[in-house]
Structures are given as C-alpha cells and as structure tokens.
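Undergrad: Build me a model from this:
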Amino acid sequence: MVLKIREDGRVRSRAAMIATGVNDEGYREMLGIMLGDSESESSWSEFFSWLKSRDLRGVDIVVSDSHSGLVKALQAQFQGAT
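TA: I've put the predicted structure just below:
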C-alpha cells in the first residue's frame, strides 16, 4: 500500500508493507507492518528479514500481487514457498 506521509515538513509517498498470517487455529493475525521508501526488492527483503528475526517460520503459501521486487525478495527469503 502506498501512503502519503508528512516527513521533515514535506509530503512524500512511502510504501506500507503489511503481512498477515493464519495461525494454527485458522485465525488471521497481523504479523507486521513497516514503512519503506518504495516497493523495491531491498525494502521487501528488509521487511521479511525483520519478520524472520521475530521468529516467523513455516511460510508455505504467499498471496500477493506480482510486483517484481516482492517476488524476488520472497524467492530469496522463503525458498520453497509458493
């Protein structure tokens, strides 16, 4: 999601990267949200690394758009996920 953020006295676009997941009981949970400069591979990689540092594991399926930066970061961070 791209948001307009007031930062240092000016308005700029920032990417809000949001992850939700399904727990063992089948309920959705918010896993994390992070602002990035863009939807680049490096921004998504930083977000996924942060989620992994918070003990995210067992990623099997990812549902997203086909943004190339997101797809590349997923392939690098979560091998085997579809």
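
Undergrad: Buried ones in the lengthiest helix in the chain, by neighbour count?
TA: Ranked by residue count, the top helix of the chain under DSSP state H comes out as helix 41-53. For helix 41-53, a neighbour-count test (16 or more other C-beta atoms under 10 Å) marks 41, 43, 44, 45, 47, 48, 51 as buried. To be clear about C-beta, it is placed using only N, CA and C from the backbone, and glycine gets the same treatment.

Undergrad: Between these, which sits nearest residue 6?
TA: Nearest to residue 6 among the buried residues of helix 41-53, counting by C-beta to C-beta, is residue 43 at 19.8 Å.

Undergrad: Tell me what angle the helix or strand of the chain with the lowest mean pLDDT forms with helix 41-53.
TA: Least confident helix or strand, the chain: helix 68-77 with a mean of 87, by mean pLDDT, DSSP states H and E. Put simply, helix 68-77 runs at 40 degrees to helix 41-53, going by axes from the mean of the first three to the mean of the last three C-alpha atoms, to 10 degrees.

Undergrad: buried stuff in helix 68-77?
TA: Buried residues in helix 68-77, defined by neighbour count with 16+ other C-beta under 10 Å: 69, 70, 73, 74, 77.

Undergrad: Name the nearest residue to the fourth one, ignoring sequence neighbours.
TA: Spatial nearest neighbour of residue 74, chain neighbours left out: residue 62 (5.7 Å); criterion: C-beta to C-beta, 6 or more residues apart in numbering.

Undergrad: right, and that neighbour touches residue 79 too?
TA: No. When contacts are counted by C-beta atoms under 8 Å, residue 62 is not listed as touching residue 79 (12.0 Å).

Undergrad: okay, the two: which has more neighbours?
TA: residue 62 (13 against 8; other C-beta atoms under 10 Å).

Undergrad: so who does the more buried one touch?
TA: Contacts of residue 62 were listed using C-beta atoms under 8 Å, 6 or more residues apart in numbering, and they are 74, 78, 81, 82.
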